[in-house]
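J.: 3D, please:
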Amino acid sequence: MQTVTLINGAEEARVLVNATMRSLTGLMEWNPIAFYELVMKCRDSNHIFFGNVADVLKRLRLVEASGSIHNSVRNIVLSATKGERLDMTLDSPVQK
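T.: Numbers count the residues shown, from 1 in each chain. I've put the predicted structure just below:
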C-alpha cells in the first residue's frame with residue numbers, strides 16, 4: 001500500500017487521503033456548516049456537533065458511529081484545512 005506524508009508529519013495511505021479529500025471537497029460545497037463542524041471537532045475533541053451534523057458526517061464515514069473521529073481522518077482534515085471560520089479553505093494535505 002502506497003503512503004504519503006501529510007503536512008502534519010503523519011503518514012497515511014494514499015487511497016484514504018484521496019477518498020477523504022473527495023468527501024471533504026463535496027462537503028464543503030453542499031454542506032459548509034458540516035464541514036466547519038468537522039474541522040472544529042478535529043481541532044478540539046470536546047467540540048459538540050451542531051444539529052444533525054454528526055449524522056451527515058457518519059453517512060460520509062468521516063465520523064465513526066461513536067461520534068469520534070479516526071486519527072487518519074483527523075490528520076487529513078487538519079493538514080488540508082487552512083484558515084478560520086468563514087475563511088476556511090482546502091488545499092492538498094500532502095507535504096511537497
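
J.: Every contact and neighbour count from this point should use C-alpha atoms.
T.: Will do.

J.: count of neighbours near residue 17?
T.: Number of residues near residue 17 (other CA atoms under 10 Å) recorded here: 24.

J.: do the same with residue 21
T.: Counted with other CA under 10 Å, the burial measure for residue 21 works out to 20 neighbours.

J.: mind listing what it touches?
T.: residue 76 (CA atoms under 8 Å, 6 or more residues apart in numbering).

J.: in this structure, which spans are helices?
T.: Per DSSP state H, the chain carries helices over the ranges 14-30, 32-43, 53-59, 71-80.

J.: right, so of the ones you listed, which gets closest to residue 6?
T.: Closest of these to residue 6 is helix 71-80, at 6.3 Å (criterion: CA to CA).

J.: which residues touch the closest one?
T.: Here helix 71-80 makes contact (CA under 8 Å, 6+ apart) with 6-8, 10, 12, 17, 20-21, 39, 42-43, 62, 90-94.

J.: of those, buried ones?
T.: For those, a neighbour count by 16 or more other CA atoms under 10 Å gives the buried set as 6-7, 10, 12, 17, 20-21, 39, 42, 62, 90, 92-94.

J.: Residue 33: how many residues sit nearby?
T.: Neighbours of residue 33 (other CA under 10 Å): 15.

J.: How about it, nearest residue that isn't a chain neighbour?
T.: Nearest residue to residue 33, sequence neighbours excluded (CA to CA, 6 or more residues apart in numbering): residue 53, at 7.9 Å.

J.: Show me the one of the helices of the chain that comes nearest residue 2.
T.: So among those, helix 14-30 is nearest, using CA to CA, at 5.8 Å.

J.: now the closest one, how far from the centre of its chain.
T.: How far helix 14-30 lies from its chain's middle: 8 Å, per CA atoms, centre = their mean, to the nearest Å.

J.: model confidence over it, on average?
T.: Helix 14-30 carries an average pLDDT of 96.

J.: got the angle between it and helix 32-43?
T.: Put simply, helix 14-30 runs at 130 degrees to helix 32-43, going by axes from the mean of the first three to the mean of the last three CA atoms, to 10 degrees.

J.: what's the angle from helix 14-30 to helix 71-80?
T.: Using the same axes, to 10 degrees: helix 14-30 against helix 71-80 is 60 degrees.
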